[in-house]
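In: I would like to see how this sequence folds:
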Amino acid sequence: MNVLDFDFVLPEELIAQSPLAERTASRLLTLNKATGDIKHQQFDDLIQSLEAGDLLVMNDTRVIPARLFGVKSDTGAKVEVLLLKPLGEDRYEALVRPGKRLKSGAVMEFGGATQPGGMPLLSALVEDEGEMGARVLHFRYSGIFHELLDKLGQMPLPPYIKEQLTEKERYQTVYAKHEGSSAAPTAGLHFTKAYLDKLQQKGVRIAFVTLHVGLGTFRPVSADQVEEHEMHAEYYDLSAETAALVNETRANGKRVVAVGSTSARTLETAARLVLAAGTTAADQKLKLEACQGWTDIFIYPGYEFQIVDALLTNFHLPKSTLLMMISAMAGRENILRAYKAAVEDRYRFFSFGDAMFIY
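Out: Model prediction:
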């Protein structure tokens, strides 16, 4: 399968640069995956597409201010770091710029020399080098690391967003809880607490998973063939409570609705573990179990969803793994036709853009 099969023309002016004043004010394109039927609605109308007993599964990860600006300790040259994945013992996998100047052994300083003895608040040693600017950094600091990040770091907005974000919380979901992401699970940005209450009053149920969004979700596809692309592993956690709610929903004949690609990937990873264990008989419904770990699941056309019946998502980049994933759910032709309609109708794209409901 050629990566170019997932390309489309996107005018740059449709890339949303800032969030709307009201989270629920975005538009909503609905796509029936069986018939290909498209409707143009407002996000508030999502409640009409959900039924009592349906289960919304949301990613409650919280974005950390993972972008750091500092200097190279020996030359004073400016450097930029994007934290991707904690490795333990004050080590992180990160993207660095300029990569050519930050080889193994290089030291970076952040926050200036504000400690006794002229020591910087935060410094990092490059311990190892990877591909595409990836490095393993070992941090040195005094105090609490996440408090220093709050003080020194900036929200890691995607590179296609040029404007500064005035409110950090607008790049967090209202239910964000567990710190660890380098990017927001953007499908959830449309919800307010009041709207979630409204859905629950209708009888829609809500459950949470955690997947810390890193390079795996947004890494460009560099291979020519889709099957040759390798996903970057991201940490996930599915609780026993959420597993039980998913199993109960499916047993009742109701739908499991993933809010965002990260929630969908978590659920399908959990399903893959159960199938690999071989504990589900052919005449029984697959039942999820609590699990956690690292997932590099790559969903593209040909994949059969085991758990996710419907998906709420934002509009994605051309040739991206996210576009491939939703094509697996609704069919490539349906998705590209829906995207063509979204472009023609001037929908707002990407992180701060409008939403799409595939059912």
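
In: measure the residue nearest to Glu227 when sequence neighbours are not counted to Gly111 for me?
Out: Spatially, and ignoring its direct neighbours in sequence, Glu227 is nearest to Met1 (6.4 Å; Cβ to Cβ, 6 or more residues apart in numbering). Quick note: C-beta positions are derived from backbone N, CA and C, even for glycine. Distance of Met1 to Gly111, computed by Cβ to Cβ, to the nearest Å: 47 Å.

In: When the two are compared, which one has more neighbours?
Out: Using other Cβ atoms under 10 Å as the criterion, Met1 and Gly111 rank with Gly111 on top: 18 against 15.

In: isn't there a strand covering the more buried one?
Out: Yes - the assignment for Gly111 is a strand, going by DSSP: H, G, I helix; E, B strand; the rest coil.

In: Which stretches in the protein count as helices?
Out: Under the criterion DSSP state H, the chain contains helices at 46-49, 145-152, 193-202, 215-218, 240-251, 261-277, 321-330, 332-344.

In: Please produce TSV containing these, extended by mean pLDDT.
Out: Shown next, in TSV, are the helices of the chain (pLDDT from 0 to 100):
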stretch	mean pLDDT
helix 46-49	98
helix 145-152	92
helix 193-202	98
helix 215-218	60
helix 240-251	98
helix 261-277	96
helix 321-330	97
helix 332-344	98
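
In: and of these, who's closest to Arg135?
Out: Closest approach to Arg135 among these (Cβ to Cβ): helix 215-218, 12.2 Å.

In: How about Ser320, nearest residue that isn't a chain neighbour?
Out: In this structure, Ser320 finds its nearest non-sequential neighbour in Val221, 7.0 Å apart by Cβ to Cβ, 6+ apart.

In: Would you check that that neighbour makes contact with Leu317?
Out: No - applying Cβ atoms under 8 Å as the test, Val221 and Leu317 come out as separate, 9.8 Å apart.

In: Just the pLDDT at Asp283, thanks.
Out: For Asp283, the pLDDT comes out at 58.

In: Pretty sure Thr313 sits against Gly353.
Out: No - judged on Cβ under 8 Å, Thr313 makes no contact with Gly353 at a distance of 10.6 Å.

In: Any stretches of this structure with poor pLDDT?
Out: Scanning the chain for pLDDT under 70 picks out 113-118, 132, 215-218, 279-283.

In: now the strands for the stretch 101-250 of the chain?
Out: Using DSSP state E, counting those that start in this stretch, the strands of the stretch 101-250 of the chain run over 107-113, 120-129, 134-141, 178-181, 205-211, 234-238.

In: now those strands in CSV, with distance to Ala251?
Out: Output for the strands of the stretch 101-250 of the chain, formatted as CSV (distance: least, Cβ to Cβ, whole Å):
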stretch, distance to Ala251
strand 107-113, 51
strand 120-129, 47
strand 134-141, 43
strand 178-181, 28
strand 205-211, 13
strand 234-238, 18
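
In: Walk me through the domains of the chain.
Out: For the chain, the structural domains run 3-63+167-358, 67-152, going by automatic domain parsing.

In: Of these, flag the one that's most buried.
Out: Burial of the domains of the chain is given as mean neighbour count (mean count of other Cβ atoms under 10 Å); domain 3-63+167-358 ranks first at a mean of 18.

In: Show the end-to-end separation of that one, please.
Out: 22 Å (Cα to Cα, to the nearest Å).

In: Show me how far it is from its chain's centre.
Out: Average the C-alpha atoms of domain 3-63+167-358, do the same for its chain, and the two points are 9 Å apart (Cα atoms, centre = their mean, to the nearest Å).

In: Now Glu127: closest residue in space that isn't a chain neighbour?
Out: Per Cβ to Cβ, 6+ apart, closest to Glu127 is Val136, 4.6 Å.

In: Enumerate every residue touching the one you found.
Out: 87, 91-94, 126-130 (Cβ atoms under 8 Å, 6 or more residues apart in numbering).

In: For the residue lying closest to Gly188 once chain neighbours are set aside, give me phi and psi.
Out: Distance criterion Cβ to Cβ, 6+ apart; nearest residue to Gly188, sequence neighbours excluded, is Thr173 at 3.9 Å. The phi and psi values for Thr173, taken as degrees, to the nearest 10, are phi -70, psi 160.

In: Tell me who's in contact with Thr173.
Out: By Cβ under 8 Å, 6+ apart, the contact set of Thr173 is 58-60, 184-185, 188-189, 191.

In: With Ser239 instead?
Out: Residues near Ser239 by Cβ under 8 Å, 6+ apart: 208-209, 290.

In: Next one: it from Val9, what distance?
Out: Ser239 sits 42 Å away from Val9, going by Cβ to Cβ.

In: Leu238 now?
Out: Distance, Leu238 to Val9, by Cβ to Cβ: 38 Å.

In: And for Glu344?
Out: 11 Å.

In: How about Phe352?
Out: According to Cβ to Cβ, Phe352 stands 21 Å off from Val9.

In: Ok, Phe298 next?
Out: As defined by Cβ to Cβ, Phe298 lies at a distance of 25 Å from Val9.
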